[in-house]
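Participant: 3D model of this:
(6 chains)
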4 protein chains.
Amino acid sequence: MIATDSLNTDDLRTKILDAARHLMVTDGYSSLSMRKIAKSIGYSATSIYLHFSSKDELFYALIDEGMDKLYSQLESAATACKENAAQKLDAVCRSFVDFGLSNREYYEVMFVLHPDTGSRYPADKYRKARQNIDVISDTLKLGRDEGSFFVSDVYLMANTIWAMLHGVIALLIAQRIDRGLDQQSLIRNTLHNIESGLTSTRRFVSLDSEND
Amino acid sequence: MIATDSLNTDDLRTKILDAARHLMVTDGYSSLSMRKIAKSIGYSATSIYLHFSSKDELFYALIDEGMDKLYSQLESAATACKENAAQKLDAVCRSFVDFGLSNREYYEVMFVLHPDTGSRYPADKYRKARQNIDVISDTLKLGRDEGSFFVSDVYLMANTIWAMLHGVIALLIAQRIDRGLDQQSLIRNTLHNIESGLTSTRRFVSLDSEND
Amino acid sequence: MIATDSLNTDDLRTKILDAARHLMVTDGYSSLSMRKIAKSIGYSATSIYLHFSSKDELFYALIDEGMDKLYSQLESAATACKENAAQKLDAVCRSFVDFGLSNREYYEVMFVLHPDTGSRYPADKYRKARQNIDVISDTLKLGRDEGSFFVSDVYLMANTIWAMLHGVIALLIAQRIDRGLDQQSLIRNTLHNIESGLTSTRRFVSLDSEND
Amino acid sequence: MIATDSLNTDDLRTKILDAARHLMVTDGYSSLSMRKIAKSIGYSATSIYLHFSSKDELFYALIDEGMDKLYSQLESAATACKENAAQKLDAVCRSFVDFGLSNREYYEVMFVLHPDTGSRYPADKYRKARQNIDVISDTLKLGRDEGSFFVSDVYLMANTIWAMLHGVIALLIAQRIDRGLDQQSLIRNTLHNIESGLTSTRRFVSLDSEND
DNA sequence: AATGAATGAGCATTCATTCAT
DNA sequence: GATGAATGAATGCTCATTCAT
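Facilitator: Predicted coordinates for the structure are as follows:
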């Protein structure tokens, strides 16, 4: 009995998230509304409030979901690649870019948009975001242990790499990149720059002297 | 007298743009409304239509304005630096990052936000966006002529650099980067990666043999 | 209990229709607004959308309602008259005129006003309009079978009669007819002309030889 | 000097009316606005108020204009036909119908619409409307003198005829007539009925006894 | 657990009109 | 005679949310 009930409950919660995600991809975030979600799953709008206390909370759940999805994708990419660290990093980075380009509106919800209300992304959810960066960090550590990457602050560099990839994804998604350019070449260029930075031995030399 | 009159008119246009930019960044594009703009400058909503025929047009004017401002900043950075191409590129990139971080409102309007209407960014405005990238392109050409940069498709690389810098700026502005990290180091890392990619001769080899 | 609930709901729908019909005739279609309707019945404008998905739909519901009312009136007139076809037609026509003059609001909505939007009157509603004309058609057929009416295309003639009656009603309702004239005489004249046309054997001869 | 000035003035007034008429036909009455009129003639909206104190007044001027136009058309039809009264009446009626069908929006302004404000059509303008009915009256008189029309109250019958024609025109214009029907046949039918009523000797017999 | 009824606030946009110049 | 600047009121419609049931 209880099990059935809770299953049904989870069912609806899942249905809502599925519908929300779907509508967001179809119509864009800003035209996502509680009413539309409700309609698309055949429930009343009121019912959504039994599972999410506000649109913001639903929004955060969507981010959560996305972070999990991204994580599992990055993880498989990392474990699937049995070669050296450079190859692994390449695989992870491509996997990230691929996630963004294949899940455009998802990506926007996770990394670009913020709810209209002033409410901030709940601090405790950052862990899920961090998880993803850790996949990069781990690969960098691997490369450092291998002796192929020259990098002192691994976590900082992981964030740097993430940021650079984000730039590419965000602009491509927003169609702000000259259409004449080949998307794949742009991505390849970015990955090349990342790798060069990691393998360059001149690292930190010119940079530490930056302010002198 | 006449001068004053026309000044007053321009004044209102400017006031509108200022208010719009501010509100857009504060509340997000979708929460920006003609009424709010009007209220915040003490005019009626109708008056805005005396200067902008629609919300979209107002939005595009905002972008335009920002593009001009950015261009003049990049140009000064480029011309101010009389050293080699690497230094010049460093100056230009830093100038770009600096623009973003010091003009968060402008930056978001220009590169992050986008209307959800189907309306496309007017083609003739692309030129303004492109001229900023050209500042980077020119510097890359300089480096290639000097023999210090190894880059085949200059325009593609300029876009790549722009995208990577954009990622850093966007995440910093949105406060999506772990606060424990030092902002300057993140930027320095990025610039290092960019430079490494330009000076590395192993271009494309390990990453993808497609173009070899 | 349940009955009461559903009654309340229907109540609101009816209230809306009543208010809308009244306002439309008072102020004209283009000056009819959802807000005005709402205000006049003490509900919020939003509530109207619980019953009608758009202003157009509300408008069409109004027409529908009127068509039904008119039909039941014409039908009774037709069945009540047991005499010959001429008498029956007279009764039906008078019933039509009477409907218009006694239900000015209904009549204008049904036959005079029209939305300025490009939206077309839904095809499936034509049936309701048509059934009213069929009451006339049937009477004409009766007269033809009796041998008292000379009419080749019954449906065409029914429409013609309807149109002529409409002219009289519309102008009387709009008070565009010289007030010095006796309304009853005007109607009597019209009916006389109609009857003469039906009983005259000189059909079409003098007017147009096109079809002879 | 003075002459020139007043010519210029009349010019603008005429331009306004022309533009208003044109826009009304193009976009429909309810989307006619002072601003649009002004724009289409290259003047400021304010300027219209130098010639018409309100939209209503402009509206009435339009009716006036239409009445004149209709009158001149009916008059030519009447004088052009040198035959008997029946032919003449036929010509006049057809001319009226033709006016309505060829000047749809014009016709609506003149005979169907009324301004949104409660303001009534100024009484002194009725004379222009009456003029048109007189053309019909005159023809009826002619027929009576000829001995071909049997009609006691000429003015009443003129109004009756006008009303019947109006019904046909109004419904055709509003596209409320079954499209399957031939427009010309409908009109012919109407004219036949009118003529039959005039030539029928049984006139008034059955009608006067109506109430007995 | 689920909902139907209801609403206040908000949206972009258009309008007729005024007024100082 | 003509206008630019400005506005208050209005429009249809959508939204997130509440509440009694």
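
Participant: which residue ranges form the helices in chain A?
Facilitator: A:2-27, A:34-41, A:45-48, A:55-80, A:85-102, A:104-107, A:126-146, A:154-173, A:183-199, A:205-208 (DSSP state H).

Participant: Out of these, the one nearest residue D:171 is which?
Facilitator: Among the helices of chain A, the nearest to residue D:171 by CB to CB is helix A:34-41 (39.9 Å). Just so you know, the C-beta spots here come from the backbone N, C-alpha and C atoms, and that holds for glycine as well.

Participant: rewinding a little: tell me the most buried of the helices of chain A?
Facilitator: Mean neighbour counts were compared across the helices of chain A using mean count of other CB atoms under 10 Å in any protein chain shown; the top stretch is helix A:154-173, at a mean of 24.

Participant: Wondering if that one reaches chain B at all.
Facilitator: Yes. Helix A:154-173 lies within reach of chain B by CB under 8 Å from any CB of the partner chain, at A:155-157, A:159-160, A:162-172.

Participant: related to what we said a few turns ago, a markdown table please, covering the helices of chain A and showing distance to residue C:61 and mean pLDDT.
Facilitator: As requested, these are exported to a markdown table (distance: least, CB to CB, whole Å; pLDDT from 0 to 100):
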| stretch | distance to residue C:61 | mean pLDDT |
| --- | --- | --- |
| helix A:2-27 | 29 | 75 |
| helix A:34-41 | 22 | 94 |
| helix A:45-48 | 24 | 95 |
| helix A:55-80 | 33 | 92 |
| helix A:85-102 | 46 | 96 |
| helix A:104-107 | 38 | 87 |
| helix A:126-146 | 51 | 92 |
| helix A:154-173 | 45 | 97 |
| helix A:183-199 | 52 | 95 |
| helix A:205-208 | 73 | 38 |
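
Participant: who's in contact with the closest residue to residue A:137 other than its chain neighbours?
Facilitator: Excluding its sequence neighbours, the residue lying closest to residue A:137 (CB to CB, 6 or more residues apart in numbering or on different chains) is residue A:158, at 4.1 Å. Going by CB atoms under 8 Å, 6 or more residues apart in numbering or on different chains, residue A:158 touches A:133, A:134, A:136, A:137, A:140.

Participant: quick check, nearest of those to residue B:114?
Facilitator: For the contacts of residue A:158, the minimum distance to residue B:114 (CB to CB) is 26.2 Å, reached by residue A:133.

Participant: surely the closest one meets residue A:160?
Facilitator: No. Applying CB atoms under 8 Å as the test, residue A:133 and residue A:160 come out as separate, 10.4 Å apart.

Participant: In chain A, what residue comes closest to chain C?
Facilitator: Closest contact between chain A and chain C, by CB to the nearest CB, is at residue A:35 (11.1 Å).

Participant: Closest approach to chain B from chain A, which residue is it?
Facilitator: residue A:167 (2.4 Å).

Participant: what's the distance between the spatially closest residue to that residue that is not a sequence neighbour and residue D:166?
Facilitator: Distances taken as CB to CB, 6+ apart put residue B:167 closest to residue A:167, at 2.4 Å, once the chain neighbours are dropped. Using CB to CB, to the nearest Å, residue B:167 is found at 72 Å from residue D:166.

Participant: Just give me the neighbour total for the residue in chain A that DNA strand F sits nearest to.
Facilitator: Distance from DNA strand F to each residue of chain A (CB to the nearest atom of the strand) is smallest for residue A:33, at 3.1 Å. Number of residues near residue A:33 (other CB atoms under 10 Å in any protein chain shown) recorded here: 14.

Participant: In terms of pLDDT, where does it sit?
Facilitator: pLDDT recorded at residue A:33 is 92.

Participant: Give me the distance between it and residue A:40.
Facilitator: 11 Å.

Participant: now swap in residue A:22 and tell me
Facilitator: Distance from residue A:22 to residue A:40, by CB to CB: 7 Å.

Participant: which residues touch the closest residue to the residue of chain A closest to chain C other than its chain neighbours?
Facilitator: Leaving aside its sequence neighbours, residue A:35 sits nearest to residue A:45 (CB to CB, 6+ apart; 4.9 Å). Residue A:45 makes contacts with A:34, A:35, A:37, A:38, A:39, as judged by CB under 8 Å, 6+ apart.

Participant: at 6 Å instead, please
Facilitator: A:34, A:35, A:38 (CB atoms under 6 Å, 6 or more residues apart in numbering or on different chains).

Participant: closest to residue C:181 among the residues you listed?
Facilitator: Using CB to CB, these come closest to residue C:181 at residue A:35, 55.9 Å.

Participant: any idea how far chain D is from residue A:28?
Facilitator: Here the criterion is CB to the nearest CB, to the nearest Å. By it, residue A:28 lies 30 Å from chain D.

Participant: what's the answer for residue A:83, then?
Facilitator: For residue A:83, the distance to chain D equals 68 Å [CB to the nearest CB].

Participant: and that residue, backbone torsions?
Facilitator: With angles defined as degrees, to the nearest 10, residue A:83 sits at phi -80, psi -150.

Participant: and what of residue A:148?
Facilitator: Here is the backbone geometry of residue A:148 (degrees, to the nearest 10): phi -100, psi -20.

Participant: Just give the closest residue to it, not the sequence neighbours.
Facilitator: Excluding its sequence neighbours, the residue lying closest to residue A:148 (CB to CB, 6+ apart) is residue A:85, at 5.7 Å.

Participant: Check residue A:193 too.
Facilitator: Closest to residue A:193 by CB to CB, 6+ apart is residue B:197, at 3.2 Å.

Participant: Now do the same contact list for that neighbour.
Facilitator: Counted by CB under 6 Å, 6+ apart, residue B:197 has contacts A:192, A:193, A:196.

Participant: now, among those, which is nearest to residue A:113?
Facilitator: Ranked by distance to residue A:113 (CB to CB), the contacts of residue B:197 are led by residue A:193 at 27.3 Å.

Participant: and the closest one, what is it in contact with?
Facilitator: Counting by CB under 6 Å, 6+ apart, residue A:193 has contacts B:193, B:194, B:197.

Participant: Could you dump the residues you listed into a markdown table with distance to residue C:188 added?
Facilitator: As requested, the contacts of residue A:193 are arranged in a markdown table below (distance: CB to CB, whole Å):
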| residue | distance to residue C:188 |
| --- | --- |
| B:193 | 97 |
| B:194 | 96 |
| B:197 | 98 |
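
Participant: Residue A:13 is in contact with residue A:50, isn't it?
Facilitator: No. Judged on CB atoms under 6 Å, residue A:13 makes no contact with residue A:50 at a distance of 9.0 Å.

Participant: Report the separation between the residue nearest to residue A:167 and residue D:68.
Facilitator: Distance from residue B:167 to residue D:68, by CB to CB: 72 Å.

Participant: Residue A:36 now?
Facilitator: 55 Å.

Participant: what does chain A have sitting close to DNA strand F?
Facilitator: Contact residues (CB under 7 Å from any atom of the strand) of chain A with DNA strand F: A:31, A:32, A:33, A:34, A:35, A:36, A:45, A:46, A:49, A:54, A:55, A:56.

Participant: Contact partners for the third one?
Facilitator: What it means is residue A:33. Neighbour list for residue A:33: empty [criterion: CB under 6 Å, 6+ apart].

Participant: With the fourth one instead?
Facilitator: If you count contacts by CB under 6 Å, 6+ apart, residue A:34 has them with A:45, A:48.
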